[in-house]
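Trainee: Need a 3D model of the following:
(chains A and B)
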Amino acid sequence: EAGVTQSPTHLIKTRGQQATLRCSPISGHTSVYWYQQALGLGLQFLLWYDEGEERNRGNFPPRFSGRQFPNYSSELNVNALELEDSALYLCASRVRSQETQYFGPGTRLLVL
Amino acid sequence: AQSVTQLDSQVPVFEEAPVELRCNYSSSVSVYLFWYVQYPNQGLQLLLKYLSGSTLVESINGFEAEFNKSQTSFHLRKPSVHISDTAEYFCAVSGLTGRRALTFGSGTRLQVQP
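Mentor: Numbering: from 1, shown residues only, chains lettered A, B, ... in the order given. Next up is the predicted model:
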């Protein structure tokens, strides 16, 4: 069974640009979570999508947004990039009725 | 609100020695507890979890963790570590209902030396 996949593995952008990160959950998983792992800030919850809708967001500004597609894959968009957005972005998926989240390998975003 | 404290940022240990990585949590509601491991330049892998039942849970690679409700702790232990256990270990909690987003500790870097 394939795990959670994310693309691209690395992304380099400049300040003010937009970044799009993608995530494909494990087959059968309908919930997708996004986390940011920034140096010095640890792992922080960003967004939760379930059944195609945003269900909850963490303490991040609105320029962090995304969506979930009918096949349950998800996209994270970061607008007006700032230097502090440089981080590893991790996607995780979960079966709705179960408690365990499974993580992908992450996308490393570097903002110059 | 929930919070997780991992008391040690780094734990150096010699190969074949025992190790304990400490985790304490705070929550106003019941939680699920997890340990994840992150190898260099990789994502997170689930190591073990406590949902209910026996307070001692084990992983397939020799790690174990014990849930202590009175001390709100979920310490991770291994009786004999290997070089390959060198990684960063994260303790996390999630609520039983609702969004179930994970709240992570700051991580403990386990460095196994020969």
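
Trainee: rest of the way, CA atoms for contacts and neighbours
Mentor: Fine.

Trainee: Can you give me the neighbour number for the residue of chain B found nearest chain A?
Mentor: As assessed by C-alpha to the nearest C-alpha, chain A sits closest to B:Gly43 within chain B, at 4.0 Å. By the criterion of other C-alpha atoms under 10 Å in any protein chain shown, B:Gly43 has 20 neighbours.

Trainee: any idea how far the closest residue to it other than its chain neighbours lies from A:Glu54?
Mentor: Sequence neighbours aside, A:Pro105 is the residue nearest to B:Gly43 in space, at 4.0 Å (criterion: C-alpha to C-alpha, 6 or more residues apart in numbering or on different chains). The gap separating A:Pro105 from A:Glu54 is 22 Å, by C-alpha to C-alpha, to the nearest Å.

Trainee: Confidence-wise, which helix or strand of chain B is lowest on average?
Mentor: For chain B, counting by mean pLDDT, DSSP states H and E, strand B:56-58 ranks last in confidence among helices and strands (a mean of 90).

Trainee: what packs against that strand?
Mentor: Contact partners of strand B:56-58 among helices and strands, from 3 or more C-alpha pairs under 8 Å, 6 or more residues apart in numbering or on different chains; DSSP states H and E: strand B:44-50, strand B:64-68.

Trainee: ok, then the element right after the last one?
Mentor: Beyond strand B:64-68 in the direction of the C-terminus, DSSP states H and E gives the next helix or strand as strand B:73-78.

Trainee: A:Pro105 and A:Glu54: who's more crowded?
Mentor: Between A:Pro105 and A:Glu54, A:Pro105 has the larger neighbour count (other C-alpha under 10 Å), namely 22 against 17.

Trainee: Can you give me the neighbour number for B:Val37?
Mentor: Other residues near B:Val37 come to 22 when the count uses other C-alpha under 10 Å.

Trainee: Which strand or helix spans it?
Mentor: Counting by DSSP H and E, B:Val37 is found in strand B:31-38.

Trainee: Just the angle for that strand relative to strand B:44-50, thanks.
Mentor: Relative orientation of strand B:31-38 and strand B:44-50, computed by axes from the mean of the first three to the mean of the last three C-alpha atoms, to 10 degrees: 150 degrees.

Trainee: Now do strand B:31-38: which elements does it pack against?
Mentor: If you count contacts as 3+ C-alpha pairs under 8 Å, 6+ apart, strand B:31-38 packs onto strand B:44-50, strand B:87-95.

Trainee: need those in JSON lines with mean pLDDT, distance to A:Asn71 and mean neighbour count, can you?
Mentor: Below are the helices and strands packed on strand B:31-38 laid out as JSON lines (pLDDT from 0 to 100; distance: least, C-alpha to C-alpha, whole Å; neighbours: other C-alpha atoms under 10 Å in any protein chain shown):
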{"stretch": "strand B:44-50", "mean pLDDT": "94", "distance to A:Asn71": "23", "mean neighbour count": "21"}
{"stretch": "strand B:87-95", "mean pLDDT": "95", "distance to A:Asn71": "26", "mean neighbour count": "24"}
